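K.L.:
Sharing a model prediction with you, sequence too.
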Amino acid sequence: MRKHGAKNKKQTGQAGDSYVKQSKVGDNSSKGYDEDMAILIAMSQELKEEGNKLFQKRDHKGAMLKYEKALKLLLRNHIDVCHLRSNMAACYMQMGLSEYPRAIHECNLTLGIE
């Protein structure tokens, strides 16, 4: 019986070792994902700042393009999505009355009302 118990311990140890290896692999891919997301967020913020500069120069269409590009780089639930959508709504508001429905649509998307 001892041999059987010793064999189980050895097998358990081996399984535990492979779990540790799998855990480490998962940590590396998670770390890579986090690094990639950080890069995308930084790129999005740069585009947002460029859009803000264009908005100040009253180039609302140019600002919209920057905001749209920045939006595509982010996950749906990222906080900057709300800021970008409200900036887009502000652009639509500045473009005139005919664009108000689009501004309202962007506000609804920001609030999660569709």
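P.N.:
Looks like it came in fine. Bear in mind the structure is a predicted one, so any value in this text is a computation, not a measurement.

K.L.:
C-terminal to the lowest-mean-pLDDT helix or strand in the chain, what's the next element?
P.N.:
Lowest on mean pLDDT, DSSP states H and E among the helices and strands of the chain sits helix 2-56, with a mean of 70. Moving toward the C-terminus from helix 2-56, the next helix or strand (DSSP states H and E) is helix 60-72.

K.L.:
moving C-terminal of that next one, what's the next helix or strand?
P.N.:
Per DSSP H and E, the first helix or strand lying C-terminal to helix 60-72 is helix 79-95.

K.L.:
what angle separates that next one from helix 60-72?
P.N.:
Helix 79-95 and helix 60-72 are oriented at 160 degrees to each other (axes from the mean of the first three to the mean of the last three Cα atoms, to 10 degrees).

K.L.:
Report the buried residues of helix 79-95.
P.N.:
Residues 80-81, 83-93 are the ones in helix 79-95 that count as buried (16 or more other Cβ atoms under 10 Å). To be clear about C-beta, it is placed using only N, CA and C from the backbone, and glycine gets the same treatment.

K.L.:
quick one: average confidence on that helix?
P.N.:
In this model, helix 79-95 has a mean pLDDT of 96.

K.L.:
tell me the contacts of L109?
P.N.:
For L109, the contact set (Cβ atoms under 8 Å, 6 or more residues apart in numbering) comprises R85.
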